[in-house]
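Enquirer: model this:
(6 chains)
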4 protein chains.
Amino acid sequence: MKKAEPRPAQKRTRDPDSKRAALQTAAIRLFTDIGYENVSIAAIAKEAGIAVGTVYRFYENKLALLQSMLEALEYEYVEQMKADWATPGGVDVRLDRVCEGLFDLTAQRNTLLNLMSMTTDVVFDDGALPGDHIQAQIVSMYQDGVRSGAFRAGDVDLYGAMAHGLVEGAVMRWLRTGKPSQREAALQLSSVMKYGFLSRQINETGP
Amino acid sequence: MKKAEPRPAQKRTRDPDSKRAALQTAAIRLFTDIGYENVSIAAIAKEAGIAVGTVYRFYENKLALLQSMLEALEYEYVEQMKADWATPGGVDVRLDRVCEGLFDLTAQRNTLLNLMSMTTDVVFDDGALPGDHIQAQIVSMYQDGVRSGAFRAGDVDLYGAMAHGLVEGAVMRWLRTGKPSQREAALQLSSVMKYGFLSRQINETGP
Amino acid sequence: MKKAEPRPAQKRTRDPDSKRAALQTAAIRLFTDIGYENVSIAAIAKEAGIAVGTVYRFYENKLALLQSMLEALEYEYVEQMKADWATPGGVDVRLDRVCEGLFDLTAQRNTLLNLMSMTTDVVFDDGALPGDHIQAQIVSMYQDGVRSGAFRAGDVDLYGAMAHGLVEGAVMRWLRTGKPSQREAALQLSSVMKYGFLSRQINETGP
Amino acid sequence: MKKAEPRPAQKRTRDPDSKRAALQTAAIRLFTDIGYENVSIAAIAKEAGIAVGTVYRFYENKLALLQSMLEALEYEYVEQMKADWATPGGVDVRLDRVCEGLFDLTAQRNTLLNLMSMTTDVVFDDGALPGDHIQAQIVSMYQDGVRSGAFRAGDVDLYGAMAHGLVEGAVMRWLRTGKPSQREAALQLSSVMKYGFLSRQINETGP
DNA sequence: GATGAATGAGCGTTCATTCAT
DNA sequence: TATGAATGAACGCTCATTCAT
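Expert: Numbering: from 1, shown residues only, chains lettered A, B, ... in the order given. Below is the predicted model:
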């Protein structure tokens, strides 16, 4: 029987940021593809090309890894929405842009927006649940619209939740089927949102 | 032989239907509360007051248990929607009724509608995924509305997905906060759905 | 939900002996086909057309069932050997008959003789292990042969064990392949046994 | 989340080869003593002084562990037989050596040769069943003997099976009782094999 | 006597986490 | 700092056995 081989020297140290990035990419891909519970730390580490133990240099545990992914993802969405909403133009034009931005980001990330609703355990450090910040941004946009008279007033939380669901439904659908085209899907989403929250009364506009 | 140890006596037999019901109640509650992956068969059995092995008299395995719960739940929603949509009256009145029915059922079942979107693994025996039948019913209602001229034509799959998301968002929100009142929440949902899918063009009604 | 149905009347009582026989047939077939550990009491009961609980009327537990099967099987083999060995004729003729009898019985029972060596747990009520009685019978025949001068004297236990192994090897082989014909296989076994244990010295007969 | 409880620290790392060896020793001992089905992975791990999970570092599953044990064991026997058969001298001398080698190895390994016939489920990677390679080696030796005129021609498969059974019977017997002495038992086995398969006819040598 | 639903200890296996190297 | 072998609690599931009916 052979004696224990001398330990191989550790791999040449790479840039920690590149490791973190590889880790994020691997994690987001695996979580998205097969779901949090079906992904093992070993699988993530392998996919990222690092050792299992190294994962724990970056994240305290598996849940923290998911939390971080979701937080980053949500941050991106929110920033995108803010940027698009801050462009010049009327409410309807800016809403179109926001919707297009959502689809763009989803296409880039190839990520289910609703990964956010797939776990019951994540709470962000500020106490928010996944999706809450997106919803808050929707609410904020809605309130802008109400202030300008474009949208009718309503229960902001409920309206936010509905709008959030609308977005999620549209994006997931498109992600699964790719139909209609990205731009068309974005415009249909935008259109339904506009109709859904505009000022006129149902009895004024009914058939 | 290790496995041949004497086994303890069985408990006094209860009505088998009460066991199945207790099992369903326990399962749906635990799945809803802490999520499928965090629920152990042992926990379900304990909550239901039966033995672990007994669970397997009723369901082949854990996933089949979830599948059955989801299938029953979705069936109830679809039947409710069909019944409400078949009542007399105009599209808008019937849509109100459908929305109220959705909230009623959710209130009775105290169940997250979106338990349906919480697992990637369930496929019903007819090949449908959880939520598909609800979405199909929404599509069917939408097509009725298009035929009667009440709704404008659009991509039925996408519209169905958006409407589904809208409903899910509204119901989940209400379930978490209880606000606004059940009836009010239902009417706001209905209102947004009607606005969102009505015939008029955005440029006719815009601000 | 339905209330518990009234218990169906028990099946018309069958002759207990027919149940016992069905149980034996089912057990021996399943044990032989897929091995003791892979057979469940439920499977035996189903195959025998009786209820699980009824198995325990006849046998105290699963191991006792196996023990009983092995004991009956071994008894049959021993009785067959005794009968064949008691026929008129010289040692070599009677040995032929014994071997043919072994193959006949195996063919009838379609049973692996070596089921006997497949468990470590069975001990017969007289303290014997499975196979011991067959080996004892072989030893007895061998001693007859030694007394008559046909076989040379040797360690009876060791010779018995070797002869037993020889038989088992031959029978298992034939059971698996069916070749050569049953009669031919029996005669070859007999021939090897005769050669193996006859009086002459190796140096007298060597090449 | 239930599964994310803190884990206790690892024990001080030992030489991995010593773990594998301890695992092999523990497994072979327990399998031999109480039979494959009665041995739990936990028991093997405990006996080997390692954790349950560590077993799975070395073997994919329990059956693979058994398979590996059997394959290694059989390989040793076959190599021993080949080596002894390749020594100089006549058939009878070399057969003596082979038999002595079999007993030597068994004494060293303290292992039931017939562990090989104790499970129905193992199939080696080359498609062979346990025992097949030993039998093939016996057949090969037998054919050598036939070619040289020392053994009479016969059905090689059947003769191989019988010889295999003979060996198994002799070795098992000796292992259980230790009588007669190792050397004596080997010579008696060899003697019976020689008699059993030598060229002379029964009617030439009968009493 | 016969039934089969109920029981729960025990199994094989997984994998998040730790820490000696 | 990086590694990955080691850990063991926890899981889903099985099935010999019991006993109310």
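
Enquirer: can I see the domain layout of chain A?
Expert: A:14-58, A:68-205 (automatic domain parsing).

Enquirer: among these, which is nearest chain D?
Expert: Within the domains of chain A, the stretch nearest chain D is domain A:68-205; the backing value is 5.6 Å (Cβ to the nearest Cβ). Every residue, glycine included, has its C-beta placed from N, CA and C.

Enquirer: is that closest one anywhere near DNA strand E?
Expert: No. Taking Cβ under 7 Å from any atom of the strand as the criterion, domain A:68-205 and DNA strand E are apart, separated by no less than 11.3 Å.

Enquirer: pLDDT weak spots in chain A?
Expert: Where chain A drops to pLDDT under 70, the residues are A:1-14, A:112-114, A:117-118, A:198-207.

Enquirer: in the longest helix seen in it, what counts as buried?
Expert: Longest helix of chain A, by residue count under DSSP state H: helix A:62-85. Neighbour counts over helix A:62-85 (16 or more other Cβ atoms under 10 Å in any protein chain shown) mark A:62-63, A:65-71, A:73-74, A:77-78, A:80-81, A:84-85 as buried.

Enquirer: and these near chain D, which?
Expert: By Cβ under 8 Å from any Cβ of the partner chain, the members of the buried residues of helix A:62-85 lying near chain D are A:62-63.

Enquirer: pretty sure A:Ile44 is in a helix, no?
Expert: Yes. Looking at A:Ile44 with DSSP: H, G, I helix; E, B strand; the rest coil, it is inside a helix.

Enquirer: wait, what's in contact with it?
Expert: A:23, A:26-27, A:30, A:55, A:65 (Cβ atoms under 8 Å, 6 or more residues apart in numbering or on different chains).

Enquirer: same deal with A:Ala43?
Expert: Residues near A:Ala43 by Cβ under 8 Å, 6+ apart: A:Leu30.

Enquirer: contacts for the host helix or strand of A:Thr32?
Expert: Using DSSP states H and E, A:Thr32 maps to helix A:16-34. Applying Cβ under 8 Å, 6+ apart, the external contacts of helix A:16-34 come out as A:39, A:43-45, A:47-50, A:54-55, A:58-59, A:65-66, A:68-69, A:72-73, A:109-112, A:115, B:120.

Enquirer: give me the buried stretch members for that helix, please.
Expert: Under the neighbour-count criterion of 16+ other Cβ under 10 Å, helix A:16-34 has A:19-20, A:22-24, A:26-32 buried.

Enquirer: among those residues, which one lies nearest to DNA strand F?
Expert: Nearest to DNA strand F, judged by Cβ to the nearest atom of the strand, of the buried residues of helix A:16-34 is A:Lys19 at 6.1 Å.

Enquirer: just the angle for the helix or strand A:Val93 falls within relative to helix A:16-34, thanks.
Expert: Take DSSP H and E as the rule and A:Val93 turns out to sit in helix A:91-109. Put simply, helix A:91-109 runs at 100 degrees to helix A:16-34, going by axes from the mean of the first three to the mean of the last three Cα atoms, to 10 degrees.

Enquirer: which other helices and strands contact helix A:91-109?
Expert: Where contact means 3 or more Cβ pairs under 8 Å, 6 or more residues apart in numbering or on different chains; DSSP states H and E, helix A:91-109 is packed against helix A:62-85, helix A:132-147, helix A:156-177, helix A:182-197.

Enquirer: and which of the buried residues of helix A:16-34 is nearest chain C?
Expert: Closest to chain C, out of all of the buried residues of helix A:16-34 and judged by Cβ to the nearest Cβ, is A:Leu30, at 37.2 Å.

Enquirer: how close does that closest one get to D:Leu65?
Expert: Using Cβ to Cβ, to the nearest Å, we find A:Leu30 at a distance of 30 Å from D:Leu65.

Enquirer: A:Gly101 too?
Expert: Taking Cβ to Cβ, one finds A:Gly101 at 56 Å from D:Leu65.

Enquirer: follow-up on the earlier one: out of the domains of chain A, indicate the one that is most buried.
Expert: Burial of the domains of chain A is given as mean neighbour count (mean count of other Cβ atoms under 10 Å in any protein chain shown); domain A:68-205 ranks first at a mean of 19.

Enquirer: distance between it and the chain's centre?
Expert: Between the centre of domain A:68-205 and the centre of its host chain there is 10 Å, according to Cα atoms, centre = their mean, to the nearest Å.

Enquirer: then stretch A:31-40?
Expert: 16 Å.

Enquirer: does DNA strand E sit close to that stretch?
Expert: Yes. For stretch A:31-40 and DNA strand E, the contact criterion (Cβ under 7 Å from any atom of the strand) is met by A:38-40.
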